[in-house]
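Colleague: got a sequence here, can you model it:
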Amino acid sequence: PARPPSTTSTVSSAHITSTMFRLVVLALATASVSAFAPMTTAWTRTSALNYKVTLNNPDGTVEIECADDTYILDAAEEEGIDLPYSCRAGACSTCAGKVEAGSLDNSEQSFLDDDQLADGFTLTCVAYPTSDVTIKTHAEDDLF
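Modeller: Sure thing, here's the model as predicted:
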């Protein structure tokens, strides 16, 4: 006589299939999530360079430290120094200063013309230091 099929082996096969399916789904989900995780690469910047910024204000001279990825105006405000500003977008002249020594990245400004930039004018609200720099602040009237 033929033996009836074993229900134990059928349940075990179903259990194994279910477990394997869950593992495959888990592996795919993990792979999908890791595909969108931030990658650490050799060119990732770990820290900003800091420069000494000397501000020649009407009230006197002050020195602050400013990272190369921080606007001069923002760094001054963090140190409790009040500088003039209006738009904070480099589209007006309220925060104008004049570079007396050193260099800045003025690429985000849209107000100053090439002659004014060549004369050393800058807009502190959108200027990044690229070296130690000295700036005469409150220079809006000197522009015109």
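Colleague: for this protein, which spans come out with low pLDDT?
Modeller: 1-16, 29-47 (pLDDT under 70).
Colleague: the residue nearest the centre of the chain: what's it in contact with?
Modeller: In the chain, the C-alpha nearest the mean C-alpha coordinate belongs to residue 69, at 6.6 Å (C-alpha atoms, centre = their mean). Each residue near residue 69 by C-beta atoms under 8 Å, 6 or more residues apart in numbering is listed here: 48, 128. To be clear about C-beta, it is placed using only N, CA and C from the backbone, and glycine gets the same treatment.
Colleague: under a three-state scheme, what state does it occupy?
Modeller: With DSSP: H, G, I helix; E, B strand; the rest coil as the basis, residue 69 sits in coil.
Colleague: got the phi and psi for it?
Modeller: Note on residue 69: its backbone torsions stand at phi -120, psi 20 [degrees, to the nearest 10].
Colleague: what's around residue 123, how many residues?
Modeller: Applying other C-beta atoms under 10 Å, we find 31 residues neighbouring residue 123.
Colleague: can you pull out the helices in this structure?
Modeller: Along the chain, counting by DSSP state H, helices occupy 7-35, 72-78, 114-118.
Colleague: so residue 56 touches residue 138, yeah?
Modeller: No - applying C-beta atoms under 8 Å as the test, residue 56 and residue 138 come out as separate, 9.1 Å apart.
Colleague: just the terminal-to-terminal distance for stretch 129-144.
Modeller: Terminal residues of stretch 129-144 lie 24 Å apart, using C-alpha to C-alpha, to the nearest Å.
Colleague: just stretch 93-105 next, same as before
Modeller: Across stretch 93-105, the terminal residues are separated by 17 Å (C-alpha to C-alpha).
Colleague: for that stretch, list every residue counted as buried.
Modeller: Neighbour counts over stretch 93-105 (16 or more other C-beta atoms under 10 Å) mark 93-99, 102, 104 as buried.
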